[in-house]
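> give me coordinates for this.
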Amino acid sequence: MHQNVHEENAETRGSVKIARGVQLRSLRVGLIGVADVIEYHRTETRIRRPYPVEYKRGRPKPDRCDEVQLCAQAICLEEMHETAVPEGALFYGKTRRRTIVAFDRELRDLTEQTAVHARNLIASGVTPPPAYAKRCESCSLVGTCLPKKIGRKSSVKRYLKNMTACEP
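Numbering: from 1, shown residues only. Below you'll find the model as predicted:
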């Protein structure tokens, strides 16, 4: 699904210009990234308003992580284009439907708090251990993250002791 989305090309469908693989940044919030799709909808004043669309292969999640990701894109677009971005959409592959997301004050605050938390984690130089959950099995990074192995309460000291122990 993401193969076509990240081709970095543009097309026009009616009055909507569609850009894929758009690089984003916000200096104010300290974010960079790449949007799957930005639709530029023509307004009554003939100005094109950015409308981010994020593609997800699964279903809507019980938490707000997808909404935060989309809102972060909107914050970047607002800064880059100097225009309001009031909403966007999440497209889920399993349901084959768009879910409209309004970027209200609560979601914007959560998104900015999440960005601050992520920057603080990076600045600390400490990677938190992964916490295994059922959703990990459908994650493309499960083989890299290894949440079942790394997330366990074990220490390097114990591991080395077990590996170097002489067996009688």
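
> and the average pLDDT for the longest helix along the chain is what?
Scanning the chain for the longest helix, with DSSP state H as the assignment, gives helix 105-124. The average pLDDT for helix 105-124 rounds to 94.

> could you give me the buried positions within the helix or strand that it is followed by?
Using DSSP states H and E, the helix or strand that follows helix 105-124 towards the C-terminus is helix 142-145. Using 16 or more other Cβ atoms under 10 Å as the test for burial, helix 142-145 gives residue 145. (Glycine included, C-beta is placed from N, CA and C.)

> show me what secondary structure element comes after helix 142-145.
Beyond helix 142-145 on the C-terminal side, the first helix or strand identified by DSSP H and E is helix 147-150.

> quick check: bridge partners of residue 99?
Beta-bridge pairing for residue 99 (DSSP bridges): residue 90.

> and it, what is it in contact with?
By Cβ atoms under 8 Å, 6 or more residues apart in numbering, residue 99 lies in contact with 60, 89, 90, 91, 92.

> min pLDDT across those, which one?
The member of the contacts of residue 99 with the lowest pLDDT is residue 60, at 89.

> isn't residue 108 right up against residue 70?
No: between residue 108 and residue 70 there is no contact under Cβ atoms under 8 Å: 11.4 Å.

> tell me which of these two has more neighbours.
residue 70 (26 against 17; other Cβ atoms under 10 Å).

> how close does residue 39 sit to residue 88?
Per Cβ to Cβ, to the nearest Å, residue 39 is found 9 Å from residue 88.

> can you check which residues contact both of those two?
In contact with both residue 39 and residue 88: 51, 52, 53, using Cβ under 8 Å, 6+ apart.
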